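1. With the sequence up front, the predicted model follows.
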Amino acid sequence: MKQFPVTRASVLKPKPDPSTLVFGQSFTDHMFLMDYTAGQGWHDGRIVPYGPIALDPSAMVFHYAQEVFEGLKAYRNPEGGVQLFRPMENVRRINSSCDRMCIPQLPEEEALAAIEQLVRLEADWVPDQPGTSLYIRPFIIATTPSLGVHASHDYIFAIITCPVGAYYAEGINPVKIYVEDEDVRAVRGGTGYTKCGGNYAASIRAGERAEQNGYAQVLWLDGVHRRYIEEVGSMNVMFQIGDTVVTPELTGSVLPGITRKSCIELMHSWGLKVEERLLSAQELFDAGESGALKEAWGTGTAAVISPIGEMAWEDRHVVVNGGKIGPLAQRLYDALTGIQWGTQPDPFGWVVRL
Ligand SMILES: *Cc1c(COP(=O)(O)O)cnc(C)c1O
């Protein structure tokens, strides 16, 4: 596998206490950088001390948001080793995002090698308390200094990492959400299926409003009909209705989550019925009111499974499973976290040990 040159930090930072960590505020000693130059392609992959990147104020990313990113984690297993969960899925997805954003494709084996080499170098930063991990944030930015609206000729691919505390330090408490019927996150033909910063910029207002109104997240509706459920906050969403699990199909405005995909594969292996289809807010709240809705949860790398305890839409209000985590959400959480942290066997070959 490709080895990149390393410039080591002269002074290493003290490791923070994982029990008081705030997500995404404390970074490790090193980062990975690679440049893209038109005519030359991706070149000069290297690991250097973590620190600021100097950019021209006219760099295209600042103006037209030509940018994509990823998020995955490294986990400390019971043997004391470090492992990744399906990292090639993240590499493929960043290339799918690049395709939509006119960013040149990364060489996949090199991008994976970069993640692995950086995490190996920072292995001491992977915490070992239950539920903790090292979050890995690969991203690509457009750096050509030009205000012309075109695809950039130059890019930086960077990877930074940060230790994160246990998401459920106080136990798994289901969240309250409401259906957002003003703002939309994504539309057909847009960038909803990519991980690009612009999607997040457009979603911040609804998230802030939800918080002000006492809700943890919003349930996004599709931007065309304003009728079908798409995601919850920045997670995919699943509902157990009767004996079937229903999750929004990947229409182009839904992000193809790796946790979503893994949940679907697990549930198929358990013989459960899973439907990927359109699900209207009307059908969902009818199922909630009739008692057919048994469980609801979000899926994503950060929380793994985030149970939904209450949902509101206009003047309708539904409590799910008495406001508690249900048996299926708990089973998915236990199965996925068991594989990710290596406390359970890995029958699907999802784990990459470093
Ligand atoms: C990253 C992301 C998800 C979850 O994807 P995972 O691969 O499971 O972490 C879901 N929705 C949005 C909008 C996202 O950005």
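-> Looks like it arrived, so ask away.
2. Now do the same for Val187: its pLDDT.
-> If you check Val187, the pLDDT there is 90.
3. Next up, the contacts around it.
-> 222-224, 253 (CB atoms under 8 Å, 6 or more residues apart in numbering). All C-beta spots, glycine's among them, are computed from the backbone N, C-alpha and C.
4. again, only using 7 Å
-> 223-224, 253 (CB atoms under 7 Å, 6 or more residues apart in numbering).
5. what's the pLDDT at the spatially most distant residue from the centre of the chain?
-> Within the chain, the residue lying farthest from the chain centre (CA atoms, centre = their mean) is Ser290, at 32.9 Å. pLDDT recorded at Ser290 is 96.
6. Pop out the phi and psi values for it.
-> Dihedral angles of Ser290 (phi, psi; degrees, to the nearest 10) stand at phi -80, psi -10.
7. do the same with the one 3 residues further on
-> For Leu293, the backbone dihedrals (degrees, to the nearest 10) come out as phi -80, psi 110.
8. doesn't Phe239 make contact with it?
-> Yes. In this structure, Leu293 is within contact of Phe239 by CB atoms under 7 Å, at 6.2 Å.
9. between the two, what contacts are shared?
-> Common contact partners of Leu293 and Phe239 (CB under 7 Å, 6+ apart): Leu284.
10. Can you give the distance of the longest helix belonging to the chain from its chain's centre?
-> Scanning the chain for the helix with the most residues, using DSSP state H, yields helix 197-212. Distance of helix 197-212 from its chain centroid, counting by CA atoms, centre = their mean, to the nearest Å, is 16 Å.
11. and the next helix or strand after that helix, what does it pack onto?
-> Sequence order places strand 217-221 as the next helix or strand after helix 197-212, per DSSP states H and E. In terms of contacts (3 or more CB pairs under 7 Å, 6 or more residues apart in numbering; DSSP states H and E), strand 217-221 is packed against strand 175-180, helix 197-212, strand 229-232.
12. residues touching the closest residue to the ligand within the stretch 101-250 of the chain, list them.
-> Per CB to the nearest ligand atom, Ser234 is where the stretch 101-250 of the chain lies closest to the ligand, at 4.3 Å. Neighbour list for Ser234: Gly300 [criterion: CB under 7 Å, 6+ apart].
13. mind listing the helices in the stretch 151-300 of the chain by residue range?
-> Secondary structure of the stretch 151-300 of the chain (DSSP state H, counting those that start in this stretch): helices located at 197-212, 258-269, 281-290.
14. need the ones you listed in CSV with distance to Val351, can you?
-> Shown next, in CSV, are the helices of the stretch 151-300 of the chain (distance: least, CB to CB, whole Å):
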stretch, distance to Val351
helix 197-212, 29
helix 258-269, 11
helix 281-290, 34
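15. Go through those and find the least confident stretch.
-> Lowest mean pLDDT of those: helix 197-212, a mean of 94.
16. Between strand 175-180 and that one, find me the angle.
-> 110 degrees (axes from the mean of the first three to the mean of the last three CA atoms, to 10 degrees).
17. Report the buried residues of helix 197-212.
-> 197-199, 202-203, 206-207, 210 (16 or more other CB atoms under 10 Å).
18. Over to stretch 63-81?
-> For stretch 63-81, burial by neighbour count (16+ other CB under 10 Å) applies to 64-77.
19. Check stretch 319-332 too.
-> Neighbour counts using 16+ other CB under 10 Å place 320-321, 325-326, 328-330, 332 of stretch 319-332 among the buried residues.
20. got the contact list for that stretch?
-> Contacts of stretch 319-332 (CB under 7 Å, 6+ apart): 172, 174, 240, 263, 266, 288, 293-297, 305, 307-311.
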